[in-house]
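Chemist: Return a 3D structure for these sequence lines:
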Amino acid sequence: VSVLLVLLLALLLAPRGLERVAASGHTSPARSALWGLATWVLVPIGGVVAAATVLGLPLALAVLLGMALLWLLGLAATSFAIGRLFVRAPGSRVGALFAGWGVTAAVGLVPVLNAVWWILASAFGLGAIVVATWRSRHGAALVPGGRGGRHRANRRPAAPAPSVIEAETSRPRDMPLAED
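Modeler: Okay, the predicted model is just below:
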């Protein structure tokens, strides 16, 4: 049920972000898996290393407690990506959400497979989130036909507003600065 709630909240707050995460999981599964594995291993190690110092102890505690939330987000991202395999992109996001959640819930009923699924799916989903974030920050198009954001390449930047110095230099030289 917690995965369903996280999926519904993610679909409500960031539907295009969830689409981009699913697309990055589909277009580059090996990269998503490797980044997920690296994040899965290195972030807890960094938290333990930070706990060795007095100043890093609160940060380490927050990082180590926050890992459970990151793993849950990763599992939700993988569930949505699996749902997108059943319900293709022009189709309903809600349908993909419930299809992916159904697969996750069904695998969760098998005793040993559920633990393996939790680890692998959350690592893959976390890696897909990292890859999608990286691509969106560097302007790579993930969703075919997607509009992109303000960072898209064919958009012209807005003209800057004239500054005070430019306004002063554009006046004629014989015009006084102030009345006497």
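
Chemist: got a list of what residue 2 touches?
Modeler: Contact criterion C-beta atoms under 8 Å, 6 or more residues apart in numbering gives residue 72 as the residues in contact with residue 2. Where C-beta positions appear, they are placed from N, C-alpha and C, glycine not excepted.

Chemist: ugh, wrong one, residue 40
Modeler: For residue 40, the set of contacting residues under the criterion of C-beta under 8 Å, 6+ apart consists of 119, 122-123, 126.

Chemist: Filter those residues down to just the ones in helices.
Modeler: 119, 122-123, 126 (DSSP state H).

Chemist: got the residue ranges for the helices in this protein?
Modeler: 2-13, 15-27, 29-50, 57-86, 93-108, 113-137, 164-169.

Chemist: Only the buried residues of the third one, if you could.
Modeler: Within helix 29-50, the residues scored as buried using 16 or more other C-beta atoms under 10 Å are 31-36, 39-40, 43, 47, 50.

Chemist: for the fourth one, same thing?
Modeler: For helix 57-86, a neighbour-count test (16+ other C-beta under 10 Å) marks 60, 63-64, 67, 70-84 as buried.

Chemist: if we can go back for a sec, what is the nearest of the contacts of residue 40 to residue 16?
Modeler: Comparing the contacts of residue 40 against residue 16 with C-beta to C-beta places residue 126 closest, at 19.1 Å.

Chemist: Now do the closest one, the pLDDT please.
Modeler: Here, the pLDDT recorded for residue 126 equals 90.

Chemist: Not counting sequence-adjacent ones, nearest residue to it?
Modeler: Closest residue to residue 126 in three dimensions, ignoring its sequence neighbours and counting by C-beta to C-beta, 6 or more residues apart in numbering: residue 74, at 3.5 Å.

Chemist: just to revisit the earlier point, drop the exposed ones from the contacts of residue 40 and show what's left.
Modeler: Buried among these (16+ other C-beta under 10 Å): 122-123, 126.

Chemist: check contacts around the closest residue to residue 26 other than its chain neighbours.
Modeler: Distance criterion C-beta to C-beta, 6+ apart; nearest residue to residue 26, sequence neighbours excluded, is residue 81 at 6.6 Å. Contact analysis of residue 81 by C-beta under 8 Å, 6+ apart lists 21-22, 25-26, 100, 125, 128.
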